[in-house]
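> Structure for the following, please:
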Amino acid sequence: MQADWRALAEEASWRLPTAALYVVATPLGNRFDLSVRALAVLSGVAGIAAEDTRVTARLLESWGIRTPLVALHAHNERSAAALLCARLAAGEHWALVSDAGTPAVSDPGVKVVAMVREQGFPVVAIPGPSAVTAAISISGWGETGFAFRGFLPAKAAQRRAAIREAATGDLPTVWFETPHRIDEALADFAATLGANHPVFVAREMTKRFEESFRGTVTEAQAWLAARRERKHGEFVLVVPPANDDSERTANARAWCERFLAAGVARSEAVRWAAELFQISKNRLYDWVIAHERIRDDR
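Purely as a prediction, here's the structure:
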């Protein structure tokens, strides 16, 4: 297996002519989700900045890669970023990884990417596993887009406020949650949105005991409680907005376009369509502006 991927890696052109930082997505659990291009980068750079060097060392060892590792986590990100910039200035290529998934997405790395860019060095994405897109793809609610909000707040009052705010939008929201707060999180969804509000729960994605469930909040709570081991692992939640008005929104957008085509001023077209179908005027106006930008770019 190692010989096979190394042969393929020779064909995976990834190295820029100048020193660059490569932001590499690593497996959520299954090591075979690591792309050949990612393997080529991780085996070919001068060093790897890792959220937890022990976790990354096990992944590299499983593929026979011996690239040096340095720690880059939430508590040393600025100093580690300065080190990376110095190594890039010396002409070296470096990679950035998190424990799982895509770095700098609800994980350390944002400050590093910003500092490296400020210093004038290229930052290259090596795409791959993402818990966000993996969950939304199997939730059944990703057709018209989604909003990603990261980890739910740790404190109950802030968590409920965040849930309430996200639910006022017109897209499903993707949240991360930890095993020791999943019960409290679902209780707050029930208290804020109602016990019968739909929710999708995924745990241990791509790992041996991966499971997912879609139903009401009450049903999700019962599903978690049915087996003790379900309280372990990392969770991804997908929650539709409080008012599932997708059909009314679609009709309002269609009528707004008709009004505009007939020569009605934008503000009036938005107001009429929003009132006609009882949806948010501000959200409809934002959609019109975005739609016009997309059309102009074509």
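> Which residue ranges of the stretch 51-200 of the chain form strands?
Taking DSSP state E, counting those that start in this stretch to define them, one finds strands in the stretch 51-200 of the chain at 69-71, 94-97, 123-126, 147-151, 173-177, 198-203.
> Would you mind giving the ones you listed as JSON lines with mean pLDDT added?
Listed next are these as JSON lines, based on pLDDT from 0 to 100:
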{"stretch": "strand 69-71", "mean pLDDT": "96"}
{"stretch": "strand 94-97", "mean pLDDT": "97"}
{"stretch": "strand 123-126", "mean pLDDT": "96"}
{"stretch": "strand 147-151", "mean pLDDT": "95"}
{"stretch": "strand 173-177", "mean pLDDT": "97"}
{"stretch": "strand 198-203", "mean pLDDT": "95"}
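> Any stretches of this structure with poor pLDDT?
For the chain, applying pLDDT under 70 flags the ranges 1-3, 243-248, 293-298.
> mind listing the helices for it?
With helices called from DSSP state H, the chain shows them at 2-9, 36-44, 53-62, 77-89, 110-118, 131-139, 156-167, 182-193, 217-226, 246-261, 266-277, 281-297.
> what would those helices look like in CSV with distance to Thr173?
The way it works is simple: take the backbone N, C-alpha and C, and place the C-beta from them, glycine included. Shown next, in CSV, are these (distance: least, CB to CB, whole Å):
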stretch, distance to Thr173
helix 2-9, 37
helix 36-44, 29
helix 53-62, 28
helix 77-89, 27
helix 110-118, 20
helix 131-139, 10
helix 156-167, 4
helix 182-193, 11
helix 217-226, 14
helix 246-261, 15
helix 266-277, 22
helix 281-297, 15
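> any chance of those helices in a markdown table, plus mean neighbour count?
What follows is the helices of the chain, written out as a markdown table (neighbours: other CB atoms under 10 Å):
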| stretch | mean neighbour count |
| --- | --- |
| helix 2-9 | 13 |
| helix 36-44 | 21 |
| helix 53-62 | 15 |
| helix 77-89 | 17 |
| helix 110-118 | 16 |
| helix 131-139 | 19 |
| helix 156-167 | 16 |
| helix 182-193 | 19 |
| helix 217-226 | 16 |
| helix 246-261 | 16 |
| helix 266-277 | 17 |
| helix 281-297 | 13 |
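> Relative to Val174, which of those is closest?
helix 131-139 (5.3 Å; CB to CB).
> Which neighbouring elements make contact with the closest one?
Using 3 or more CB pairs under 8 Å, 6 or more residues apart in numbering; DSSP states H and E, the elements in contact with helix 131-139 are strand 173-177, strand 198-203, strand 211-216, strand 235-239.
> Point out the one among these that comes closest to Glu61.
Nearest to Glu61, of all the helices and strands packed on helix 131-139, is strand 198-203, at 26.4 Å by CB to CB.
> Just give me how far the closest one sits from the chain centre.
15 Å (CA atoms, centre = their mean, to the nearest Å).
> Alpha carbons of it, as PDB, please.
Taking C-alpha atoms only, strand 198-203 is exported to PDB below (Å, rounded to 0.1, in the frame of the first residue of the first chain):
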ATOM      1  CA  PRO A 198     -36.500  18.500  13.500                       C
ATOM      2  CA  VAL A 199     -32.800  17.800  14.100                       C
ATOM      3  CA  PHE A 200     -30.100  15.600  12.600                       C
ATOM      4  CA  VAL A 201     -27.400  14.200  14.900                       C
ATOM      5  CA  ALA A 202     -24.200  12.500  13.600                       C
ATOM      6  CA  ARG A 203     -21.600  11.000  16.000                       C
END
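> What strands line up against it, and which way round?
Strand 198-203 has its sheet partners listed here by DSSP bridges as strand 211-216 (antiparallel), strand 235-239 (antiparallel).
> Distance of the residue nearest in space to the middle of the chain relative to Trp255?
Nearest to the geometric centre of the chain sits Val132, at 3.9 Å (CA atoms, centre = their mean). Distance of Val132 to Trp255, given as CB to CB, to the nearest Å: 33 Å.
> about what we covered before: so which of the strands paired with strand 198-203 comes closest to Pro108?
strand 235-239 (18.9 Å).
> Between strand 147-151 and the closest one, find me the angle.
Relative orientation of strand 235-239 versus strand 147-151 (axes from the mean of the first three to the mean of the last three CA atoms, to 10 degrees): 140 degrees.
> just use 45 as the starting number from now, easier for me
Sure, I'll start counting at 45 from here, so that last one is strand 279-283.
> I figured Leu116 hits Glu95, correct?
Yes: counting by CB atoms under 8 Å, Leu116 touches Glu95, with 6.6 Å between them.
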